[in-house]
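Asks: predicted structure and sequence below. I'll ask about it afterward.
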Amino acid sequence: MGWTAHTHTHTLYLKIFVLYWSVSRARATTTSSRLSRTSSHCDVCSRAHTECCVPVCALFTLLFRFCIHRKASVPQPLSASTCGSCVPTVEPPFLVFAHRPTSHTHRQTERHLPCIMSISVRIRTPKSSTPEQVELNSSGTWGEAAVLLSRKSEVALERLRVLAGFPPKAVDLAADSPLSALKLRANDMLIVQEGEAKVQLGNTGERYVPPAPERAHLTRRRCPADNSCLFHACAYVLRDKSRTEGPQLRQECVQAVLDHPEMFNVNTLGMDPLAYASWLSQKDTWGGAIELEILSFLYKTEMFALDLQSVTVQRFGTGLGYTVRAFLVYTGNHYDCIAMNPVYNSASEREDQTLFSSRDENVLVRAKRFVAEEGQKMKEGKAT
């Protein structure tokens, strides 16, 4: 009799359980909305609470503990933020519930997947004058970003050259360096160039040049002493060895003074910009340090003037990210330019190299040595 009553009790509990399970599944959406006030997904299986069966699992745990296996060790009920939805819905939850581990750490990794953060920047490529918007993985490496920039710009990775910042400077990072080292901000501009292709910076047709060959020789290219020697020398090194565009460079300096009064002001020029421009326009006016500063700005080129007597160097445009450098020689009252030629003391200017990499410090060392030798010749009367 007692056994029959006990069996009937178990049967009643199971009927209640089946009924409650059916109702709970029908009201899953309502139940999950209450549970999702602090989280929209299950802490264990990451599924949405609209699919969860917390009420079912919780009820079953109680029944399982007190009715079926009262003497057995059973898992603890799931918390309010978990759901048990990782239990297949095609079979009653209790068929697999007892086999689920007490710890939920096997599911925690799914909740802590790294969040990929991106930063939107603009890139200017050699084939397009219109900037293009690109998303970079801010938590990635420079190598990953370079691959993306190479694909976007259609520039081979081994020839890819990128300028960043203001003034733009060539990026010099190892492939495994974090992209964050560039300190990019949203909408920053990246200039993509090809290693040895011509680049456009300001009004210049300057080139990125590799380190100068060790076997080439420095030579002094003399310029007319007509009060415009500085402009002739600069035309030779900046305008592809031109011997006729000195007057044009003078006018470019005049126009720059008029166009940029905030940069070339009374403090810089020593007089009113309009007055200075008028004075500089005269063909007999000598050019000097101010004009070298202006031409460096206009042509985005470092200009180094080496004094023939003291071998001191006046530097213009350094620290501004300019990729090329040109050399002049100054005697105290006259400017000539320095070029590099494959043949020693060659009279042929066709093979002259007049622009050098701003990172090639070896050329500067050689230029100083060359100017010192020229200065010694001048003192000995072997050169004028």
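Replies: Looks like it arrived, so ask away.

Asks: and the helices in the protein?
Replies: 2-26, 28-35, 54-63, 94-97, 105-111, 142-153, 229-238, 246-259, 266-269, 273-280, 289-299, 361-379 (DSSP state H).

Asks: quick check: Glu293 vs Pro273, distance?
Replies: 14 Å (C-beta to C-beta, to the nearest Å). For glycine as for every other residue, the C-beta is placed from the backbone atoms N, C-alpha and C.

Asks: if you could redo that for Val209, that was the one I meant.
Replies: Taken as C-beta to C-beta, the span from Val209 to Pro273 is 34 Å.

Asks: ditto for Ala326
Replies: Taking C-beta to C-beta, one finds Ala326 at 26 Å from Pro273.

Asks: now Gly287
Replies: Gly287 is 16 Å from Pro273, by C-beta to C-beta.

Asks: which of Ala326 and Pro273 has more neighbours?
Replies: Ala326 (28 against 19; other C-beta atoms under 10 Å).

Asks: tell me, how many residues neighbour the nearest residue to that one once chain neighbours are set aside?
Replies: Residue nearest to Ala326 in three dimensions, not counting chain neighbours: Val237, with 4.0 Å by C-beta to C-beta, 6 or more residues apart in numbering. By other C-beta under 10 Å, the residues close to Val237 number 27.

Asks: wait, doesn't Val237 sit right on Leu355?
Replies: Yes: under the criterion of C-beta atoms under 8 Å, Val237 makes contact with Leu355 at 6.7 Å.

Asks: what sits in contact with each of those two?
Replies: By C-beta atoms under 8 Å, 6 or more residues apart in numbering, Val237 and Leu355 have these common neighbours: Ala326.

Asks: domain ranges for this structure, per the record?
Replies: Domain assignment for the chain by automatic domain parsing gives 2-111, 118-194, 217-379.

Asks: run through this protein and note the low-pLDDT ranges.
Replies: Where the chain drops to pLDDT under 70, the residues are 1-116, 129, 166-168, 195-208, 382-384.

Asks: before we move on, back to that, the residue nearest to Ala326 and Thr244, how far apart?
Replies: Applying C-beta to C-beta, the value for Val237 to Thr244 is 14 Å.

Asks: same check on Leu230?
Replies: 15 Å.

Asks: neighbour-wise, which of the two wins?
Replies: Neighbour totals were compared for Leu230 and Thr244, and Leu230 leads with 27 against 9 (other C-beta under 10 Å).

Asks: counting neighbours, what do you get for the closest residue to the more buried one other than its chain neighbours?
Replies: In space, and not counting its chain neighbours, Leu230 is closest to Gly287: 3.6 Å by C-beta to C-beta, 6+ apart. A count of neighbours around Gly287, defined by other C-beta under 10 Å, yields 23.
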